[in-house]
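Chemist: quick check, what structure comes out for this input:
(chains A, B, C and D)
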2 protein chains.
Amino acid sequence: MKQQALFKALADPTRRQILKRLRRGSATAGEIADDFDMSKPSLSHHFNVLKDAELLRNERRGQHIVYSINTTVFEDAAGLLLDLFGSSDKKSKRGKQ
Amino acid sequence: MKQQALFKALADPTRRQILKRLRRGSATAGEIADDFDMSKPSLSHHFNVLKDAELLRNERRGQHIVYSINTTVFEDAAGLLLDLFGSSDKKSKRGKQ
DNA sequence: CTATTATTTAGATAGTTGTCTAATTATTGA
DNA sequence: TCAATAATTAGACAACTATCTAAATAATAG
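Modeler: Just a heads-up that it's a prediction; the model follows:
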């Protein structure tokens, strides 16, 4: 898990909206783009950032590329929060920060 | 709660380290600075970002300024994660995003 | 009051990020 | 194969951020 990539990915409001959109179900790049007032290349950039954090997965389906959320990272994120705020020895997963 | 400020504050590794440092207990700006290989003005900047996110509180005590973590924000952060990833109607606290 | 210590604010700068348009790659239908 | 559609990559640019040094503010000790 890439901690820095995860926090960075979540720091942008457009990317958080993309995640929310994807919670309603997988969608192609174009479908997502329809919901945003932003150029497709800009969104593509955000997809890359989210993918780098492993928050998204994508799969080509014919002409389209389908994006879907990777909810297993949610546990990672929760763990990171615990590591920042929680009671010290909750999960002794405290390697490099 | 300022959602954007919170995510932004957590996106920087130095700031996350500051939070971890403060989990061990409150500390003055100077004490914190001793643990970091960075100028005091730079750290002061990070304190401000963390304060803006309400992750820290500070209190002048004589010559010193004592910083302490505000753990109540932890619940806010957890709620935001749920809002991004969790099952839709976990907490119907979904105002503006 | 003045000197000292603690911290912040101001101002500058290099690096990063989010956005755009234009060009490129990939896939499919005819 | 060619044209059309879907999406990405490339390149440019303005805005933002993290960092630094120097200067300013605040509190205390003598």
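
Chemist: just the helices in chain A please.
Modeler: For chain A, applying DSSP state H gives helices covering A:3-10, A:13-23, A:29-34, A:40-52, A:72-85.

Chemist: format those helices as CSV; extra columns: distance to DNA strand C and mean neighbour count.
Modeler: Heads up, the C-betas are built off the backbone N, CA and C, glycines and all. CSV is the format used below for these (distance: least, C-beta to the nearest atom of the strand, whole Å; neighbours: other C-beta atoms under 10 Å in any protein chain shown):
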stretch, distance to DNA strand C, mean neighbour count
helix A:3-10, 6, 20
helix A:13-23, 5, 18
helix A:29-34, 10, 14
helix A:40-52, 3, 16
helix A:72-85, 17, 18
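
Chemist: among those, which is nearest chain B?
Modeler: Closest of the helices of chain A to chain B is helix A:72-85, at 3.9 Å (criterion: C-beta to the nearest C-beta).

Chemist: that closest one packs against which elements?
Modeler: Judged by 3 or more C-beta pairs under 8 Å, 6 or more residues apart in numbering or on different chains; DSSP states H and E, helix A:72-85 is in contact with helix A:3-10, helix B:13-23, helix B:72-85.

Chemist: need the contact partners of it.
Modeler: A:1, A:3, A:6-7, A:10, A:53-55, A:90-91, A:93-94, A:97, B:10, B:16, B:19-20, B:23, B:69, B:71, B:73-74, B:77-78, B:81, B:84-86 (C-beta atoms under 8 Å, 6 or more residues apart in numbering or on different chains).

Chemist: with distance to B:E59 and mean pLDDT added, can I get the helices of chain A in a markdown table?
Modeler: Compiled in a markdown table, the helices of chain A are given as follows (distance: least, C-beta to C-beta, whole Å; pLDDT from 0 to 100):
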| stretch | distance to B:E59 | mean pLDDT |
| --- | --- | --- |
| helix A:3-10 | 28 | 97 |
| helix A:13-23 | 32 | 97 |
| helix A:29-34 | 46 | 98 |
| helix A:40-52 | 38 | 98 |
| helix A:72-85 | 20 | 88 |
